[in-house]
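**Q** Sequence and predicted model, in that order:
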Amino acid sequence: MKSSVITFPGSNCDRDMDVALKKFGFKNKMVWHNDAELPKSDLVVLPGGFSYGDYLRCGSMASKSKIMKSVINFANSGGMVMGICNGFQILVETGLVPGVLLRNKYLEFICKNVYVKINNKQNTYFNNINNEVLKFHIAHNEGNYFCTKDQLKEIEDNEQIAINYCDKNGKTDEQFNPNGSIKNIAGIFNKEKNILGMMPHPERMIDPSLSGEDGSLFFNNLINNLK
Amino acid sequence: MTVNEQIAIDHGLKKDEYTKICELLDRTPNITELGIFSAMWNEHCSYKSSRIHLKNLPTKGKQVIQGPGENAGVVDIGDNDAIVFKIESHNHPSFIEPYQGAATGVGGIMRDVFTMGARPIANLNSIHFGSPQHKKTKNLLRGVVHGIGGYGNCMGVPTIAGQTNFDSSYNGNILVNAMTLGLVKKDKIFYSKAAGLNKPVIYVGSKTGRDGIHGASMASASFDEKIEEKKPTVQVGDPFTEKLLLEACLELMAGDSIIAIQDMGAAGLTSSSIEMASKGNLGIEINLNNVPCRETKMTPYEIMLSESQERMLIVLENGKEEQAKKIFDKWNLDFAVIGKTTNSKKIELFFNEEQVADIPVNTLVENSPMYDRKWKKAKLPKKNKIKKENLKNLKIIYVLKKVLSDPNVCSKEWIWQQYDHTVMGDTIQKPGGDSGVVRVHGTDKAIAASVDSSAVYCWAHPLTGGKQVVCESFRNLISVGAKPVAITNCLNFGSPEKEDNMGEFVECVQGIGEASEYLKFPVVSGNVSFYNQTKEEGIKPTPSIGGVGLIKDYKKMITMDFKEIGNTVLVIGKTEGHIDQSIFARNILNEKNGPPPEINLFNEKNNGETLLKLIDAGHVKSAHDVSIGGIITAVSKMCIKGNKGINLKKPKYLINEIEYYFAEDQGRYIIEVSKESLKKVTDILNKNAVHFDELGTINEGQLFIDEKTKVAIDDLRTSNTNWLINYMSK
């Protein structure tokens, strides 16, 4: 399986993602934001970081990068595109997924382990994962997902919510919401479910010596689903 | 403007220093030249009060590749890998403008590390604030934490450990010390020594603006009531540009076009160009019209003294300019040829085709002032006689909870949760342990790092305090299973012009030297920050020690959380019942006098090295050094982290229960061993003449003390976690 990770100026989880994808068998290529063409890919990843220093609005300048035209075309023709953290912020700025990401409710950067409940398994990302709850890791300042009432209804009707923040038993109460996201939303799909944007970093959970291994579970499953 | 003595004094120079400048030049300097002298001769850049003492520090060892004198120290960790590291202060700016002050402190130290060719792999910090009740403390704390996070998080370098203290002596002068570790191949280290004639001198990075002019001079003076006026001397950081600069520099460094490289830190273009010329025994000629400027009509004086951030100076091989420029263009950074190396041994500046400065390099460096300041030797205070009946009335659980919730002991999770500590995917021990640990990417090795200071001990007796900080760093590395390699120090003191403060400095340095010599734990880099003083009030002497250790097989790393019910817990090292200067004496008995605990370097080394043997043999399940708060505080933290309890039993010593549990005797560790290993462990300890007491057995979730008193671990956790959260949310 071939994957591409886009490096924007200020991306800083691009290497981590490269390491993770390769560990689970992807042939990964790093792609510079100023390139025009995407290499042939089964998966494109927009990594975490601070593209363009988060200036103007997180993800907004990166969403206008040269490579993004190809990424958008790829996504619109059904290609698998995953945005993690800043990558998620870029995705909402392109409009590929609905909503916006506001500053965290308590106005502080948060770096910690969180539990997320898989809300929809009828897609290439989560199909065949047995667990209902995954232990992931977040590290962000602007992960407070927000959308209009109409958008929310549409998202819910189309089952576009991918994961919600929860406790280890899958309870999605407000008290397990780290950043104020509407409905504890940690990640969403586009309507067709080929695009996934999420705040948690599965690439930081791929080794028992790190925070945990639910990232390994995620990537292993993803490559198997793609095969 | 014609320069005169008054203008020189306004630049922070002393009268006789100005006279010396005129003599060295054999004329009156012009204003640009005076600015350059004032920048190079201030305390921050010249180390004029400290040099004479710092030269006694042990800086050598077979692991040392580069000691003090470069941008950072470098140590060998085997397999052609080396670690570049340094700690630096950004105290004065952080007090004036906490967010930018702290942020640019972090940015500056990272630049020092990647200037040498190393990719930063970990950040640490030591931050000290005034009393929690002081009106400025909360906002300063919030600003500093946001600033450290704002910069480090954006750079994508994990912040893996740190230290936060509160003491009223920092009410008017907070301390922000930032440390960075970088990883480099031993044969790809870059230095700042220029070489060769007519080599192009290149400016890269951000444009030069009017920010931070005289920052280094500001950091070399005490504060007074006009401190608000100093805001413009604080630099403004842009971590995004620094991230680009990091990537661009590392890309250029992969080739072979760089002769020398130096970041523009304190005193900007002035100190960077002069240091490169001085080390290479060369001259440098710069055309200031070619310096990329952010603002129009900047004068030579402003260009030379600006401390705009995220800039580097490079001496390149001839003919490599185009190739280098391409890299910086790719990263959208300025790249300008601003001058060349010469054989004049002078710094020669031109602006609008006129020469605006012409100074022999040696007058700025070798001939800079050096003072042997007067200092007063501190006496060892007399021991206090603690009345036994005062202790008898104290309820141990009450005292323990008070200690665990003390601002200097409590959990700092509120702080480190705001730092990205997991980016780069190699953090195997997060903040909150004895050391932070990151793997050397793609290998079995890991690097442990910690930062420590014990201002109270240093204040009570500087010589002992100086030794203690080094020992504490040694212990924090050993507790995670790392072999201590080397240290960096950040020496924060009051005014060197006051005999008491200078004495504190001299004796702390002496103590640091003695301990690091004995423990073979050399000092490879560091920085001195004097004048941490508002009017007459100076801070407690606060040397911060950043320690670096090596774990050969990261799977053998140790954490402090208790692992298994039924395992036995031992304390290594003898408990004599030293209460003076302990948190117990100071905060419970309200007794602030007396000597700090004694340091026995033989025991430190022997206990530490024996523990490393035990860890290496796989006998140790968890470990934690005993520091402030004594045995019971250390054990409680291990319980809290592991979500387990312990049945504690005091051995039959002559000392009182409270003294046994809260004493701050040095050289001690708590370790957890399995029942099966116990015999082997005690045999090894006995064979190595290491004193130990058996403390008890791990249970499900209660702290049971001598079969009399008990408390739930959840209860202790609440005491430990809540103070800071409550304080910051009020």
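**A** Cool, the structure landed. Since this is a predicted model, take the numbers as computed values, not measurements.
**Q** and residue B:329, how many neighbours?
**A** 12 (other Cβ atoms under 10 Å in any protein chain shown). Any C-beta I mention is one placed from the backbone N, CA and C, and that applies to glycine too.
**Q** Is it within a helix or a strand, and which one?
**A** Secondary structure from DSSP states H and E places residue B:329 in helix B:321-330.
**Q** Of all the residues in that helix, which ones are buried?
**A** For helix B:321-330, the neighbour count (16 or more other Cβ atoms under 10 Å in any protein chain shown) marks B:324-325, B:327-328 as buried.
**Q** list the helices and strands the helix of greatest length in chain A packs on?
**A** Scanning chain A for the longest helix, with DSSP state H as the assignment, gives helix A:214-226. Secondary-structure packing of helix A:214-226 (3 or more Cβ pairs under 8 Å, 6 or more residues apart in numbering or on different chains; DSSP states H and E): helix A:14-23, strand A:133-140.
**Q** Would you mind putting those into CSV with mean neighbour count, distance to residue B:541 and mean pLDDT alongside?
**A** Formatted as CSV, the helices and strands packed on helix A:214-226 follow (neighbours: other Cβ atoms under 10 Å in any protein chain shown; distance: least, Cβ to Cβ, whole Å; pLDDT from 0 to 100):
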stretch, mean neighbour count, distance to residue B:541, mean pLDDT
helix A:14-23, 21, 41, 98
strand A:133-140, 22, 36, 97
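**Q** could you dump these to JSON lines with distance to residue B:456?
**A** Shown next, in JSON lines, are those (distance: least, Cβ to Cβ, whole Å):
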{"stretch": "helix A:14-23", "distance to residue B:456": "41"}
{"stretch": "strand A:133-140", "distance to residue B:456": "35"}
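**Q** Residue B:66 is nearest to which of these?
**A** Closest of these to residue B:66 is helix A:14-23, at 26.5 Å (criterion: Cβ to Cβ).
**Q** Buried residues in the helix or strand following the closest one, which are they?
**A** Following helix A:14-23 in sequence order, the next helix or strand is strand A:27-32 (DSSP H and E). Applying a neighbour-count criterion of 16+ other Cβ under 10 Å, one finds A:28-29, A:31 buried in strand A:27-32.
**Q** before we move on, what about stretch B:42-60?
**A** Buried, per 16+ other Cβ under 10 Å, within stretch B:42-60: B:42-50, B:53-54, B:57-59.
**Q** Which one of the residues in the stretch 551-700 of chain B is closest to chain A?
**A** residue B:554 (6.5 Å; Cβ to the nearest Cβ).
**Q** contacting residues for that residue?
**A** For residue B:554, the contact set (Cβ atoms under 8 Å, 6 or more residues apart in numbering or on different chains) comprises A:209, B:428, B:437, B:439, B:444-446.
**Q** Give me the spatial nearest neighbour of it, chain neighbours excluded.
**A** Of all residues not flanking residue B:554 in the chain, residue B:446 sits nearest, at 3.8 Å (Cβ to Cβ, 6 or more residues apart in numbering or on different chains).
**Q** before we move on, which element is residue A:34 in?
**A** Per DSSP H and E, there is no helix or strand for residue A:34.
**Q** measure residue B:114 to chain A for me?
**A** 14 Å (Cβ to the nearest Cβ, to the nearest Å).
**Q** isn't that residue right next to residue B:244, touching?
**A** No. Shown here, residue B:114 and residue B:244 do not form a contact pair, counting by Cβ atoms under 8 Å, at 11.9 Å.
**Q** Between these two, point out the one with more neighbours.
**A** Ranked by neighbour count (other Cβ under 10 Å), residue B:114 and residue B:244 place residue B:114 first, with 29 against 22.
**Q** mind listing what the more buried one touches?
**A** Per Cβ under 8 Å, 6+ apart, neighbours of residue B:114: B:120, B:182, B:246, B:249-250.
**Q** Restricted to buried residues, select these in ChimeraX.
**A** The ChimeraX selection below is limited to those of the contacts of residue B:114 classed as buried (16+ other Cβ under 10 Å):
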select /B:120,182,246,249,250
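**Q** Pipe the contacts of residue B:114 into TSV and attach distance to residue B:364 per row.
**A** Formatted as TSV, the contacts of residue B:114 follow (distance: Cβ to Cβ, whole Å):
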residue	distance to residue B:364
B:120	30
B:182	29
B:246	29
B:249	26
B:250	31
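**Q** Which one of the contacts of residue B:114 is nearest to residue B:240?
**A** residue B:246 (10.8 Å).
**Q** How about the secondary structure of that closest one?
**A** Three-state call for residue B:246 (DSSP: H, G, I helix; E, B strand; the rest coil): helix.
**Q** Surely it touches residue B:120?
**A** Yes. Using Cβ under 8 Å, residue B:246 is in contact with residue B:120, at 7.4 Å.
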